[in-house]
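>>> Only the shape, not the letters, is given here:
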């Protein structure tokens, strides 16, 4: 049976490689290094009118390694939200994990950031949530949380995904937004 979305669903988005251009073998350290993909802000605006909540969840290991200042990450997120709001959209929450230990409960693919979001927004239902990412760890985070998943091929266009790990695939977020819009039903 095809997935049908409505206004009660929550959209979870990874940041690097989904919203902004990911730096190869490095981190986004400064606000001026944060460059959104073309059309992403308008896509998020469109999606924010379809989904009940829009939540960003991002691993930010550079903070834990001491190579990225946490205050810079906060400024980057302020810029990201500001641009999206200027385009008529919204981000309801931004959660990031600075931990370097892969077993940290908040580090994707573990579910800590999802649990923090649900604590802040009790209306989130993981069975009515979609996680969008560009890495297997994003998809596993979604599956581990009980969500549907969507894989964007922005950074790994030729990656062979494990079977049944992704419910949707698209080249980028604007393409996914176009595909998802037709799957929404009025409540």
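Sure, I can see it. These numbers come from a predicted model, not from an experiment.
>>> so residue 91 is in which element?
Using DSSP states H and E, residue 91 sits within no helix or strand.
>>> Tell me, how many residues neighbour it?
Residues within reach of residue 91, counting by other Cβ atoms under 10 Å, total 20. (C-beta placed from N, C-alpha, C; glycine too.)
>>> what's the closest non-adjacent residue to it?
residue 81 (4.9 Å; Cβ to Cβ, 6 or more residues apart in numbering).
>>> what does residue 67 give?
Leaving aside its chain neighbours, residue 67 sits nearest to residue 27 (6.5 Å; criterion: Cβ to Cβ, 6+ apart).
>>> residues touching that neighbour, list them.
Taking Cβ atoms under 8 Å, 6 or more residues apart in numbering, we find residue 27 in contact with 60-62, 67-68.
>>> That one should be in a helix, yeah?
No: applying DSSP: H, G, I helix; E, B strand; the rest coil, one finds residue 27 to be coil, outside a helix.
>>> roughly how far apart are it and residue 99?
Counting by Cβ to Cβ, to the nearest Å, the gap from residue 27 to residue 99 is 14 Å.
>>> quick one: low-confidence parts of the protein?
Within the chain, the segments meeting pLDDT under 70 span 1, 186-187.
>>> neighbours of residue 33, just the number please.
14.
>>> let me fix that: residue 163
When neighbours are counted by other Cβ under 10 Å, residue 163 comes out with 6.
>>> How about residue 136?
17.
>>> what do you get for the one 5 residues further on?
Around residue 141 sit 26 other residues, with neighbours defined as other Cβ under 10 Å.
>>> And the one 3 residues further on, by the same measure?
Counted with other Cβ under 10 Å, the neighbours of residue 144 add up to 16.
>>> phi, psi of it?
In terms of degrees, to the nearest 10, the main-chain angles of residue 144 are phi -60, psi -30.
>>> Relative to residue 79, how far out is it?
Taking Cβ to Cβ, one finds residue 144 at 30 Å from residue 79.
>>> Same check on residue 173?
Separation of residue 173 from residue 79 (Cβ to Cβ): 17 Å.
>>> Mind checking which of those two has more residues around it?
Each of residue 173 and residue 79 has its neighbours counted (other Cβ under 10 Å); residue 173 has more, 26 against 15.
>>> ok, that one - contacts?
So residue 173 contacts 13, 18-19, 37, 39-40, 43-44, 132, 152 (Cβ under 8 Å, 6+ apart).
>>> So which of the residues you listed wins on neighbours?
When neighbours are taken as other Cβ under 10 Å, the top entry among those is residue 44 (31 neighbours).
>>> for that one, helix, strand, or coil?
Assigned with three-state DSSP, residue 44 falls in the helix class.
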